[in-house]
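Participant: Any chance you can model this:
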Amino acid sequence: MNSVYDFQVKMTNGKQKSLQDYKGHPLIIVNTASKCGFAPQFGGLQELYSKYQDQGLVILGFPSDQFNNQEYDNIDETTQFCQINYGVTFPIFAKVDVNGEHEDALFTYLKQQQKGVLSSKIKWNFTKFLVDREGKVVKRYSPTVVPSKIEKDLIPLL
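Facilitator: Next up, the predicted model:
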């Protein structure tokens, strides 16, 4: 695999979507959880998306239930929560595992490209990966980094 564009991901309706569809766009890929204390970051992510989507930015949200079961069982509840509470309009995909035996291949790749502190393992919800227009993972952000702090790294990629 040479870029994030080589992957397919599962949409909330169960169908596969090729990340080729986002070729040429800078991306922020993030594992999310609706019931997490970091859930207000949905609002910050949406602000970035609204501000820069006309310049090509796409944010891809991947709900995960791996950290203290902080995601709804039903994906429709997840998407409704995001839309109602934070006005999310960026794509939200089907739930994924981001670590372990059943982890999604995209997240395996993301972690290989940008390792975290001490290990490549994702330690919590709202770990964010910044991807350039060529599909290269250029930076990884810990859950405590609020979306507005990504803006300075994002602007040169637009």
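Participant: Show the model's pLDDT score for residue 55.
Facilitator: Looking at residue 55, its pLDDT is 98.
Participant: Tally up the residues packed near it, please.
Facilitator: 12 (other C-beta atoms under 10 Å). The C-beta positions use only the backbone N, C-alpha and C, and glycine is treated the same way.
Participant: Residue 140 looks like it's in a helix, true?
Facilitator: No: checked against DSSP: H, G, I helix; E, B strand; the rest coil, residue 140 lies outside a helix; its state is strand.
Participant: Who are the contact partners of it?
Facilitator: Residues in contact with residue 140 (C-beta atoms under 8 Å, 6 or more residues apart in numbering) are 110, 114-116, 127-130.
Participant: Over to residue 9?
Facilitator: 16-17, 19, 60, 62, 93-94, 96, 104, 106.
Participant: Show only the entries of the residues you listed found in helices.
Facilitator: residue 106 (DSSP state H).
Participant: Distance to residue 48, neighbour count and pLDDT for the contacts of residue 9 - can I get that in a markdown table?
Facilitator: Converted to a markdown table, the contacts of residue 9 look like this (distance: C-beta to C-beta, whole Å; neighbours: other C-beta atoms under 10 Å; pLDDT from 0 to 100):
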| residue | distance to residue 48 | neighbour count | pLDDT |
| --- | --- | --- | --- |
| 16 | 26 | 10 | 97 |
| 17 | 21 | 17 | 98 |
| 19 | 19 | 21 | 98 |
| 60 | 13 | 22 | 98 |
| 62 | 17 | 21 | 98 |
| 93 | 18 | 20 | 98 |
| 94 | 23 | 18 | 97 |
| 96 | 21 | 19 | 97 |
| 104 | 23 | 21 | 97 |
| 106 | 20 | 22 | 98 |
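Participant: Which members of the contacts of residue 140 come out as buried by neighbour count?
Facilitator: 110, 114, 127-130 (16 or more other C-beta atoms under 10 Å).
Participant: nearest spatial neighbour of residue 158, skipping sequence neighbours?
Facilitator: Nearest in space to residue 158, with sequence neighbours left out and distances taken as C-beta to C-beta, 6 or more residues apart in numbering, is residue 55 at 4.3 Å.
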